[in-house]
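>>> okay, predicted coordinates and the sequence, questions at the end:
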Amino acid sequence: QVQLVESGGGLVEPGGSLTLSCALSGRVVVSQVMGWFRQAPGKEREFIALASWGGGIVNYTDSVQGRFTISRDKDKNMVSLQMNSLKPEDTAVYYCAASSTIRGLTTTPTYWGRGTQVTVSS
């Protein structure tokens, strides 16, 4: 059974930084594209960032471009999200996701983590 487990969420002041990590365990047939989504209260879940299996292809939503950095450790089947210059509007539950294709990751990921709360507040 494939599992995604997130870690690293918490409370941070505006302008601060946090790093989220996600580990994929279990047996997958093909190498996975991994990425992050978030869901703020009262809003739909939105795509944030993705990285291909080798990390050579990355993509970000406009609202985090230049502030967030996604990275892959394919040997450990992990993905991290370095979040800098955090804003109150970044407050959300952040979910790790995985899929066998980039298109699949951004539309209907195959695997989901349970989420980790990020709160940006003074």
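Alright, I've got the coordinates. Numbering: from 1, shown residues only.
>>> residue boundaries of the strands in this protein?
3-7, 10-12, 18-25, 33-39, 46-51, 58-60, 68-73, 78-83, 92-99, 111-112, 116-120 (DSSP state E).
>>> counting by contacts, list what the last one packs against.
Counting by 3 or more Cβ pairs under 8 Å, 6 or more residues apart in numbering; DSSP states H and E, the packing neighbours recorded for strand 116-120 are strand 10-12, strand 18-25, strand 92-99. Where you see a C-beta, it was placed from the backbone N, CA and C, and this is true even at glycine.
>>> what about 7 Å?
Packing partners of strand 116-120 (3 or more Cβ pairs under 7 Å, 6 or more residues apart in numbering; DSSP states H and E): strand 92-99.
>>> just the mean pLDDT for the strand it packs on, thanks.
For strand 92-99, the mean pLDDT works out to 97.
>>> run through who's touching it.
Outside strand 92-99, the residues that touch it by Cβ atoms under 7 Å, 6 or more residues apart in numbering are 4, 6, 9, 20, 22, 24, 32-40, 79, 105, 109-113, 115-118.
>>> so what touches stretch 21-29?
Stretch 21-29 is contacted from outside by 1-8, 32, 34, 77-80, 96, 98, 113, using Cβ under 7 Å, 6+ apart.
>>> show me which of these are buried.
Leu4, Glu6, Gly8, Gln32, Met34, Asn77, Met78, Val79, Ser80, Cys96, Ala98, Gly113 (16 or more other Cβ atoms under 10 Å).
>>> what's the closest of those residues to Phe68?
Ser80 (10.4 Å; Cβ to Cβ).
>>> can you pull the contacts of the closest one?
Contacts of Ser80 (Cβ under 7 Å, 6+ apart): Thr19, Leu20, Ser21, Ser71.
>>> excluding its backbone neighbours, what's nearest the residue most central in space within the chain?
Centroid-nearest residue in the chain: Trp36, 2.2 Å away (criterion: Cα atoms, centre = their mean). Among residues not flanking Trp36 along the chain, Ile48 sits closest, at 4.3 Å (Cβ to Cβ, 6 or more residues apart in numbering).
>>> any residues touching stretch 109-122, and which ones?
2, 4-9, 11-14, 18, 20, 22, 86-88, 90-100, 104.
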